[in-house]
Each structure stands twice: as structure tokens, then as C-alpha cells.
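Novice: Based on what follows, work out the 3D shape:
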Amino acid sequence: PPAGDQPQAIAELSSQRPGKSTLLGVTGSGKTYTIANVIAQQKKPVLILSPNKTLAAQLYEEFSLFFPENKVGYFVSYYDYYQPESYLPAQDLYIPKETRINSEIERLRIEATASIINRPDTIIIASVSCIYSLKNLSFKLSVGQNISRSALLHQLIAIQYERNDIEKDAGSFQVYGPVVEVQLPYQREVLAIELEGSTIVRLTWNDKQNHQVRQNILSRPKKKRSKHLPVSKKNWKPIYQL
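Specialist: Numbering: from 1, shown residues only. Model prediction:
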């Protein structure tokens, strides 16, 4: 539990709404823990901006421990190596841009972006990479929604998914009669969209290996999403946003 000056700091920071507040303290005084308690009281999605990737990784680990039932996301630059394009006039030499992308960090970025849309208990740890705008490559799906199969496939292609009925790679989708399976880049499970005519009748998370249903999106998960950021029943809707 909070100790020393922490309870007073938590109370004062929690009451300073709206407006800006600054928490000062020496190294090792528990500032991160204090802020975690403020977040727990606010019950809102949170963006924590870190000045560099090293500190962002440390904060991601700490907040994952502080909030084990929340969705703690990680959004930093996915470049392991980046050399901008350049020109050497003395040699009349153009050097093209050269990059190397970390696929796991790219997956975590996509997961963080999806979580802030789909979950109200999300805490995103980010670097300055998050200040740049993202394209709106998403659309909502809900049980009972009227959409034809062809329109659904066109929307998936419009947000850069590719149809591949052989290789089930991340970012692809497959069509099996009235069922469309989407391989989201950030999920271990497959999103199955079942149509009846031009109506979505079921949305489920399926196991990638045996296609067994892991979770029906209509039903409430067995675990509460967060003991810190509770979600009322009125917030639970049969909707998922790709």
C-alpha cells in the first residue's frame, strides 16, 4: 500500500482535474507507483509518454505488473535500424534510405492501437513515435449488422488485409462459404465472422490450430477485464473493431 508522502500525493494528483500537475521526487521514491495509484482511481484509458525507448520498455514492464488484468500496450518506433536518404554532392552520389523493422514491436504497436479502440481499461506506454497520426484503417463489426460477404471482403482489402486461402499469415483472411476468418496481426486467435445472407450472425475467437471456439464476442469473458478499471454491463456490446 502507499506509504510516506504517497497517499497525500495520490489524493492531490487525483483531485487536480482538469489541469496540469507535476509530481516531483528523487530517484527511487516511488513516483511510478504513485502514478499507478492515480491511474487506478481515474478509471480511464491512459497514455504514458516516455522520452526514449529504453525508459518505455522499463515502464511497460512495471505497469504490466501493477495492472495484471488491464491491457497494457506498448507503442514505440519499430525500427531497429534507420538511415535516412542522403546526397553527397562532391561524389554526385545518392544514398537511398535504409531501414530494418522489428516485427514483434510492429505487432505490439498494432495491438496497442486496437486495444485503445476496443477496451476501456487500456494503458499505453509510448515514445514520441505516438505523436504522428495514423491512417484510419479500421471498421466496426457487430452481430446483427447488415453487410454482404462481398462488401465485407472489399472492406478488409481496403484496410490492407489480403485474401490468402492457403497461407494463413498475419494480415490475411480466408473465406469458407458463409464464414470469413481474419488473421489479425496482433492476436493469437482467429476472428471468425459468420454470415447468414447479408447479416452477421456470429463473431468468435477461434483456435488457429483446430478452429475450436475460444470466446464468443457476444459473451462476457470469464475474468473481469480489470479490478482497477471496472466496466459496467452497459459497456459490453457485441461489437468488435478491426
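Novice: what's the pLDDT at residue 95?
Specialist: Residue 95 is assigned a predicted lDDT (pLDDT) of 91.
Novice: swap that for residue 50, please
Specialist: 94.
Novice: Make sure it is actually in contact with residue 62.
Specialist: No: counting by Cβ atoms under 8 Å, residue 62 is not a contact partner of residue 50; they are 11.4 Å apart. The C-beta positions use only the backbone N, C-alpha and C, and glycine is treated the same way.
Novice: neighbour-wise, which of these two wins?
Specialist: residue 50 (19 against 15; other Cβ atoms under 10 Å).
Novice: How about the contacts made by residue 155?
Specialist: With contacts defined as Cβ atoms under 8 Å, 6 or more residues apart in numbering, residue 155 is in contact with 139, 147.
Novice: Would you indicate which residues of the host helix or strand of it are buried?
Specialist: Assessed by DSSP states H and E, residue 155 sits inside helix 149-158. Of the residues in helix 149-158, 149, 152, 156 count as buried by neighbour count, 16 or more other Cβ atoms under 10 Å.
Novice: could you redo those as TSV and give each row pLDDT?
Specialist: As requested, the buried residues of helix 149-158 are exported to TSV (pLDDT from 0 to 100):
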residue	pLDDT
149	93
152	94
156	91
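Novice: of those residues, closest to residue 32?
Specialist: Ranked by distance to residue 32 (Cβ to Cβ), these are led by residue 156 at 40.1 Å.
Novice: now do the same end-to-end measure for stretch 130-141.
Specialist: With Cα to Cα, to the nearest Å applied, stretch 130-141 spans 26 Å between its terminal residues.
Novice: go on, stretch 14-31?
Specialist: Span of stretch 14-31 from end to end, Cα to Cα: 14 Å.
Novice: Ok, stretch 182-192 next?
Specialist: 6 Å.
Novice: ok, and what's touching that stretch?
Specialist: Outside stretch 182-192, the residues that touch it by Cβ under 8 Å, 6+ apart are 106-108, 110-111, 114, 156, 161, 168-174, 179-181, 193, 202-208, 211, 213-215, 240, 242.
Novice: Only the buried subset of the residues you listed, as a PyMOL command please.
Specialist: Selecting only the buried members of the contacts of stretch 182-192 in PyMOL, with burial defined as 16+ other Cβ under 10 Å, works like this:
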select buried, resi 106+107+108+110+111+114+156+161+172+173+174+179+180+181+193+202+203+204+205+206+240+242
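Novice: So, low pLDDT: which residues of this structure?
Specialist: Applying pLDDT under 70 to the chain flags residues 16-18, 134-136, 209-242.
Novice: domains for it, by residue range?
Specialist: 28-131, 140-222 (the TED database).
Novice: would you turn the ones you listed into CSV with distance to residue 14?
Specialist: Shown next, in CSV, are the domains of the chain (distance: least, Cβ to Cβ, whole Å):
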stretch, distance to residue 14
domain 28-131, 5
domain 140-222, 28
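Novice: who wins for proximity to residue 13 among those?
Specialist: domain 28-131 (4.8 Å).
Novice: Please work out which of the domains of the chain is packed deepest.
Specialist: domain 28-131 (a mean of 16; mean count of other Cβ atoms under 10 Å).
Novice: and the gap between residue 56 and residue 171?
Specialist: 25 Å (Cβ to Cβ, to the nearest Å).
Novice: go on, residue 10?
Specialist: 42 Å.
Novice: How about residue 64?
Specialist: Residue 64 is 26 Å from residue 171, by Cβ to Cβ.
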